[in-house]
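*Asks:* Sharing a sequence plus its predicted fold:
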Amino acid sequence: MTKVLSVEDLSVTFALHESEVRAVNNINFSLEAGETLAVVGESGSGKSQAFLSIMGLLAKNGRTSGKAMMGDINLVGMEKSRLDRIRGKDIAMIFQDPMTSLNPSLKVKTQLSEVLVKHRGFDKAKAERAAVEMLERVGIPEPVKRANAFPHEMSGGMRQRVMIAMALLCQPKILIADEPTTALDVTVQAQMLDLFKSLTDDFGTSLVIITHDLGVVAGVADRMMVMYGGRAVEKGTARA
């Protein structure tokens, strides 16, 4: 198997008034092509901060050390202009709350097509057609109508699907989903996890699911990493 991400001694610290807090403490893991890794731990265990640091999205008082290698590129400490070319294109993240991640004043098709215009050089018309096709792929009924809607006109599950569609438009090598099922009822959770499974199969994308619920990811993940107090305390296959 090909490694698409190799993380070595990753640490994250936050500067407070007169001290520093270490949120992530020397974690090591790798991600294979087409694999699903579940990162599991209670709230505050450092799992989201670890991946926000890899994406270069920490708060201003946060500092990252260690390595996160995509091939021969180290994402840690990379300047923002270079990282902007990689984020969304090669590595994408779906955030916990789709309502705050989507712009409430723009139609869904505008937000989706922008990704393709920026990263893949599509013209506006071609980008909008591709956006509608992707909405259909992620199981949104009446995709043309939904593409012309605003985020507040959709349910939570529907907005989550829009976020997944947006993340997949550039067919990234790595997709990180941060608590993707938290705000959804049990039926929609199951649909969402089935969707992730089929999309990773279709696109060959490597998937990281960050969650506090082992039960949610047990049937989807190939491997798991359990975090506690900023450390990776256990790693193994999902079955084990």
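*Replies:* Yep, it's here. Numbers count the residues shown, from 1 in each chain.

*Asks:* quick one: least confident helix or strand in this structure?
*Replies:* helix 98-101 (a mean of 74; mean pLDDT, DSSP states H and E).

*Asks:* what about F29, distance to A221?
*Replies:* 13 Å (Cβ to Cβ, to the nearest Å). Where you see a C-beta, it was placed from the backbone N, CA and C, and this is true even at glycine.

*Asks:* Spit out the residues that contact those two alike.
*Replies:* Residues touching both F29 and A221 (Cβ atoms under 8 Å, 6 or more residues apart in numbering): L37.

*Asks:* need the strands for the chain, in chain order.
*Replies:* Using DSSP state E, the strands of the chain run over 3-15, 20-32, 36-40, 62-70, 73-74, 91-94, 174-178, 206-211, 223-228, 231-237.

*Asks:* Give me the phi and psi for the nearest residue to A238 once chain neighbours are set aside.
*Replies:* Closest residue in space to A238, ignoring its immediate chain neighbours: A221 at 4.3 Å, by Cβ to Cβ, 6 or more residues apart in numbering. When read as degrees, to the nearest 10, the backbone of A221 gives phi -80, psi 150.

*Asks:* for A221, what are its contacts?
*Replies:* For A221, the contacting residues are T36, L37, A38, I209, A238, by Cβ under 8 Å, 6+ apart.

*Asks:* can you put those residues in CSV and add pLDDT and distance to H152?
*Replies:* Output for these, formatted as CSV (pLDDT from 0 to 100; distance: Cβ to Cβ, whole Å):
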residue, pLDDT, distance to H152
T36, 94, 31
L37, 96, 33
A38, 95, 31
I209, 94, 27
A238, 88, 36
